[in-house]
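Peer 1: Structure of the sequence below:
(chains A, B, C and D)
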Number of protein chains: 2
Amino acid sequence: MLSKKTKYGLKALTYMAKKGDGKTPILIAEIAEQENISKKFLEMILLQLKNTGFLGSKKGKGGGYYLLKEPKDITVAALMRVLEGPIAMLPCVSLNFYEKCDDCKTEEECSLNRVMVEVRDNTLRVLENKTLADLTN
Amino acid sequence: MLSKKTKYGLKALTYMAKKGDGKTPILIAEIAEQENISKKFLEMILLQLKNTGFLGSKKGKGGGYYLLKEPKDITVAALMRVLEGPIAMLPCVSLNFYEKCDDCKTEEECSLNRVMVEVRDNTLRVLENKTLADLTN
DNA sequence: CCTTTAGTCTACTAATTCGATAGAGTATTA
DNA sequence: TAATACTCTATCGAATTAGTAGACTAAAGG
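Peer 2: Take a look at the predicted model:
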């Protein structure tokens, strides 16, 4: 299951993609209210998305956050990796967060490895091809 | 990501499917050693799988656990639902653990709902058709 | 019948994560 | 220079995760 952080992050950026023109900043407070998200919690999430290159920000009056790329160029998979971490069900089948399992001798012998690779590929086929632009419909 | 509990449970039952004849009990200790799982932790997992109808048990000398069904009749999805809970990424798209999201007005309006349904369907297509018999290869 | 074996059950723990909040600080605008 | 709005650090309680300890019960077998 996705954490609320990931869910809120995706919903917030979808809101921004739907509403914004790409350069006019949008208030945290507005997003929080519209999407029913705790404002303080959302602050943290958007800040992280800024620090990872998805958002730009402007302080003071008329400030807020804005998307740095076009919605169609931001995949759900990329956002999930930043907010949630690995998409795969096991570390040993993760493409971006690979880690060896310490209870398996080899990955060839691991009974779960192959199935989880298959799950991962099916999941990624969806998430890599879905962008913020698709979520706004 | 799957919890270790789920991972261990799947590996343990795969071991049993590979090794057992369906009625001769297999020792917890043997599975734990062969699959590098903490014995005490595995006790708890197998007990749960007994209480949910997957395993039978026998106490005393010559005792242990045995599968109640044939490996080909136990899907990975069924095991994961018992050990891990929901397979879907959001409660509102879970077939077996459905829950309404309190931050969304309606599910039609929710930008994430449709994508997550698609992910779920793709994941289930794999997991529902994969049985313990497939894992033993 | 008594010892050994092996699953059952309850309880507890340490560490981590999750979701959220508080409040001071800083940049920007008017 | 006052108001605005993002930035940063710190903290919090609750829940979850992974694992351990130890007593209890059922069964086999000599």
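Peer 1: neighbours around residue A:58, how many?
Peer 2: 13 (other C-beta atoms under 10 Å in any protein chain shown). Every residue, glycine included, has its C-beta placed from N, CA and C.
Peer 1: so what's it up against?
Peer 2: The contact partners of residue A:58, taken as C-beta atoms under 8 Å, 6 or more residues apart in numbering or on different chains, are A:25, A:64, A:66.
Peer 1: Which of these fall in strands?
Peer 2: A:64, A:66 (DSSP state E).
Peer 1: TSV for the contacts of residue A:58, including neighbour count, distance to residue B:132 and pLDDT?
Peer 2: Output for the contacts of residue A:58, formatted as TSV (neighbours: other C-beta atoms under 10 Å in any protein chain shown; distance: C-beta to C-beta, whole Å; pLDDT from 0 to 100):
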residue	neighbour count	distance to residue B:132	pLDDT
A:25	18	54	97
A:64	21	53	97
A:66	17	51	98
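Peer 1: and which of the contacts of residue A:58 is nearest to DNA strand C?
Peer 2: Among the contacts of residue A:58, residue A:25 lies closest to DNA strand C (C-beta to the nearest atom of the strand), at 9.7 Å.
Peer 1: Now the closest one. Nearest residue, chain neighbours left out?
Peer 2: Using C-beta to C-beta, 6 or more residues apart in numbering or on different chains and skipping residues adjacent in sequence, the residue nearest residue A:25 is residue A:64, 3.1 Å away.
Peer 1: how much space between the one you found and chain B?
Peer 2: 20 Å (C-beta to the nearest C-beta, to the nearest Å).
Peer 1: Quick one: residues contacting that residue.
Peer 2: By C-beta under 8 Å, 6+ apart, the residues touching residue A:64 are A:25-28, A:30, A:57-58.
Peer 1: let's see 10 Å
Peer 2: A:16, A:20, A:24-31, A:46, A:55-58 (C-beta atoms under 10 Å, 6 or more residues apart in numbering or on different chains).
Peer 1: and the residues you listed, which of them are in strands?
Peer 2: Within the contacts of residue A:64, residues falling in strands by DSSP E are A:55-58.
Peer 1: quick one, domains of chain A?
Peer 2: A:4-67, A:71-135 (automatic domain parsing).
Peer 1: and the ones you listed as a markdown table, adding distance to DNA strand C?
Peer 2: Putting the domains of chain A into a markdown table (distance: least, C-beta to the nearest atom of the strand, whole Å) gives the following:
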| stretch | distance to DNA strand C |
| --- | --- |
| domain A:4-67 | 2 |
| domain A:71-135 | 8 |
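Peer 1: any chance of these in TSV, with distance to residue B:6 too?
Peer 2: TSV is the format used below for the domains of chain A (distance: least, C-beta to C-beta, whole Å):
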stretch	distance to residue B:6
domain A:4-67	20
domain A:71-135	9
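Peer 1: Within range of DNA strand D, give me the residues from chain A.
Peer 2: Within chain A, the residues that sit near DNA strand D (C-beta under 7 Å from any atom of the strand) are A:25-29, A:43-44, A:46-47, A:50-51, A:57-65.
Peer 1: Which of those are buried? Put it as a ChimeraX command.
Peer 2: Buried subset of the residues of chain A next to DNA strand D, written as a ChimeraX selection, criterion 16 or more other C-beta atoms under 10 Å in any protein chain shown:
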select /A:25,26,28,46,64,65
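Peer 1: from the residues of chain A next to DNA strand D, which ones fall inside helices?
Peer 2: Judged by DSSP state H, the subset of the residues of chain A next to DNA strand D located in helices is A:28-29, A:43-44, A:46-47, A:50-51.
Peer 1: ok, now which ones touch the residue nearest the centre of chain A?
Peer 2: Chain A has residue A:79 as the residue nearest its centroid, 2.1 Å off, counting by C-alpha atoms, centre = their mean. By C-beta under 10 Å, 6+ apart, residue A:79 lies in contact with A:6, A:9-10, A:13-14, A:49, A:52, A:54, A:127, A:131-132.
Peer 1: and if we set it to 6 Å?
Peer 2: By C-beta atoms under 6 Å, 6 or more residues apart in numbering or on different chains, the contact set of residue A:79 is residue A:10.
Peer 1: And the pLDDT at it?
Peer 2: The model reports residue A:79 with a pLDDT of 98.
Peer 1: tell me which residues in the helix or strand harbouring it are buried?
Peer 2: Using DSSP states H and E, the secondary-structure element containing residue A:79 is helix A:76-83. For helix A:76-83, a neighbour-count test (16+ other C-beta under 10 Å) marks A:76-83 as buried.
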